[in-house]
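Q: Quick check, what structure comes out for this input:
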Amino acid sequence: MPIGGYAKDADATMTLSRDALNRIVLKEQTLKEEQDKGDVKITGDSQKLNELLGYMDKFDFWFNIVTP
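A: Prediction:
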C-alpha cells in the first residue's frame, strides 16, 4: 500500500492532522474531544476503532527505561 493510501476493506478510517495527533498522544485532549471539535474525522465502523484502541497498553509517562 502506498503512503497515504487506504485499504479498500478497512472497517474504519480516521483522518486527523499531526497537531491533533500530538494533542491526543500528549493527553492534552482526548480522541472524543478532538472529534467533537471537528479535528478528527472517523468514517466507517467507529466501534472497530474503539476496539483497536482498547488493545493499546497504557504506560506511566516516566517509566524506567533501564533499571539497575
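Q: Now do the helices in the protein.
A: Using DSSP state H, the helices of the chain run over residues 18-25, 31-37, 46-54.
Q: Quick check: buried residues in the second one?
A: Read it as helix 31-37. 31, 34-35 (16 or more other C-beta atoms under 10 Å). The C-beta positions use only the backbone N, C-alpha and C, and glycine is treated the same way.
Q: Can you tell me what sits against that helix?
A: Contact with helix 31-37 is made by 16, 20, 23-24, 29, 40-42, 53, as judged by C-beta atoms under 8 Å, 6 or more residues apart in numbering.
Q: low pLDDT regions in this structure?
A: For the chain, the stretches with pLDDT under 70 are 1-4.
Q: let's see it at 90
A: Counting by pLDDT under 90, the chain shows low-confidence ranges at 1-10, 13, 24-27, 30, 46, 49-68.
Q: Quick check: chain neighbours aside, which residue is closest to residue 28?
A: Nearest residue to residue 28, sequence neighbours excluded (C-beta to C-beta, 6 or more residues apart in numbering): residue 22, at 8.0 Å.
Q: likewise residue 20?
A: The shortest distance from residue 20 to any non-neighbouring residue, by C-beta to C-beta, 6+ apart, is to residue 39 (4.3 Å).
Q: so how many other residues sit close to the one you found?
A: Residue 39 has 17 neighbours, counted by other C-beta atoms under 10 Å.
Q: start the count at 627, not 1, going forward
A: Will do, 627 is the new start, and the previous item becomes residue 665.
Q: And it, how close does it get to residue 653?
A: Per C-beta to C-beta, to the nearest Å, residue 665 is found 15 Å from residue 653.
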